[in-house]
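> Sequence first, predicted coordinates after that:
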Amino acid sequence: MNALEAQLDYPFGDQMPASGAVMEVAPGVKWIRMALPFALDHINLWLLRDELDAPDGSGATVQGWTVVDCCITRDEAKAQWEEIFATQLEGLPILRVVVTHMHPDHIGLAHWLCERWNAPLWISATDYNAARLASQSTTGFGGDAAARFFASHGLSDPDSIEKIRARTSYYPNMVPAVPRSFHRLQDGQAVRIGGREWTCISGYGHAPEHIALYCGALRVLIGGDMMLPRISTNVSVYDMEPESNALTAFLDSVDKFRALPEDTLTLPSHGKPFRGLHTRIQQLHDHHRDRLAEVMQACTTAPQTAADILPIMFKRPLDLHQTTFAMGESVAHLHRLWFDGQLRRVLGADGVYRFSIPSAAVPRP
């Protein structure tokens, strides 16, 4: 446990659900943990005890479960789900599938779950459409557009650029399909799950329109990727929105959680459930303040590209998968300073953007 983690409370200690099993963390709320084949090697999924009106219009209710997030499409995840279906659902069906956002580890198996249980998908409209687009193309996750974008921000290694250009099925491999219809989730919306109201809280900067869910009766927040205890959420600028101010959007979003009680049990998509929500919000602000200061210091010495900033922000070796995320995050930090008027951006004759200290700091309109 690092020093920042020590400031948080982990009510379950090191206890975690075994593969194919669940662990109850609050009344009617069960934790599933599935493996991922990445450096970030797991995702947390959630089962919420639920009841819905019977579809036959009889006025009766149907008992079952709501799933929150799904894992990527892979045989190992399907097998783990099948084990859960057989042993952990108390003989009850999945009634609906809620997805916090469109990243593959969250929505990858939504189509399979929805089809298997004839259950509807609930997600924000922005992320639903972004997932539909990405599952049918390479926008933002590989291909020529992504390669050109990273090159324009100083990634010059020919081998890396060629591998990014050739990565034309990165998203579809993990999200081969998206359900053809959905129920829209929006900021402030109250969704009744198992007789309790869960309020939607939108978040930006990590995904197009991430939805976290808070239940006041339980004091439980399903934070998705917006509120992680051990690592900072990836906040990136991508080629489809090349001049976004993603970091400002993210920090403004996490501040929405300040209205929730400090002792809220936060259920993150990665890491362990924790309490100390306000403390963690401040830690995230402090982390990005420090990274921005490092970026600013580098730009005072010479104009910097996003690639130049990588070893300043990430003091460890990065593989190609990690480098693409790190490049997006590097651009996000440079853009925050650029939008605030603290840095000037110039496109060089070589087609590469460089950021430097302007003669007079004037915020962009």
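Arrived safely, thanks for sending.

> Can you check the pLDDT for the spatially most central residue of the chain?
In the chain, the centroid-proximal residue (CA atoms, centre = their mean) is D225; its distance is 3.8 Å. Note for D225: predicted pLDDT of 98.

> thought G28 was touching A217?
No - contact criterion CB atoms under 8 Å: G28 and A217 do not qualify, at 10.3 Å. For glycine as for every other residue, the C-beta is placed from the backbone atoms N, C-alpha and C.

> circling back to that earlier point, so the residue nearest to the centre of the chain makes contact with V99?
No - the criterion here is CB under 8 Å, and D225 misses it with V99 at 11.7 Å.

> which residues do these two both contact?
Here D225 and V99 have H106 as joint contacts, going by CB atoms under 8 Å, 6 or more residues apart in numbering.

> The residue nearest to the centre of the chain and G351: what is the separation?
33 Å (CB to CB, to the nearest Å).

> same check, this time on M102
Taking CB to CB, one finds M102 at 30 Å from G351.

> And these two? Which one has more around it.
Higher neighbour count among M102 and G351: M102, with 27 against 9, using other CB atoms under 10 Å.

> partners of L267 in the sheet?
I222 (DSSP bridges).

> what number of residues lie near it?
Neighbourhood size, L267 [other CB under 10 Å]: 25.

> for it, what are its contacts?
Contacts for L267 (CB under 8 Å, 6+ apart) come out as V25, V29, W31, N44, W46, V220, L221, I222, G223, P273.

> Neighbour-wise, which one of the residues you listed leads?
Busiest of those [other CB under 10 Å] is G223, holding 30 neighbours.

> Please tell me I have it right and that one contacts S269.
Yes - if you go by CB under 8 Å, G223 and S269 touch, sitting 7.3 Å apart.

> The stretch 1-150 of the chain: helices as residue ranges?
75-87, 104-107, 110-117, 125-135, 144-152 (DSSP state H, counting those that start in this stretch).

> Let me know the angle separating the first one from helix 110-117.
If you take axes from the mean of the first three to the mean of the last three CA atoms, to 10 degrees, helix 75-87 sits at 30 degrees to helix 110-117.

> Could you check helix 75-87 and say which residues are buried?
With burial defined by 16 or more other CB atoms under 10 Å, the residues of helix 75-87 counted as buried are A77, Q80, W81, I84, F85.

> residues in contact with that helix?
So helix 75-87 is contacted by 19-22, 32, 34-35, 47, 71, 94, 108-109, 112-113 (CB under 8 Å, 6+ apart).

> The fourth one now?
Counting contacts by CB under 8 Å, 6+ apart, the residues outside helix 125-135 that touch it are 99, 101-102, 107, 121, 123, 139-141, 171-172, 175-178, 182, 184, 186, 207-211.

> Name the residues of that helix that come out as buried.
Buried, per 16+ other CB under 10 Å, within helix 125-135: T126, D127, Y128, N129, A130, A131, R132, A134, S135.

> Just list whatever residues bridge to H183.
W122.

> ok, now which ones touch it?
Contacts of H183 by CB under 8 Å, 6+ apart are R96, P120, L121, W122, I123.

> likewise F38?
F38 neighbours (CB under 8 Å, 6+ apart): H321.

> and with 10 Å instead?
By CB atoms under 10 Å, 6 or more residues apart in numbering, the contact set of F38 is I72, D105, D319, H321, Q322.

> Among the residues you listed, name the least confidently predicted one.
H321 (84).

> out of everything not next to it in sequence, what's closest to it?
F38 (6.9 Å; CB to CB, 6 or more residues apart in numbering).

> do L218 as well
Nearest non-adjacent residue to L218, counting by CB to CB, 6+ apart: A26, 4.9 Å away.

> wait, doesn't E241 sit right on G205?
No - contact criterion CB atoms under 10 Å: E241 and G205 do not qualify, at 11.1 Å.

> more crowded one of the two?
G205 (24 against 11).

> For the stretch 151-300 of the chain, give me the ranges with low pLDDT.
In the prediction, the stretch 151-300 of the chain carries no residues with pLDDT under 70.
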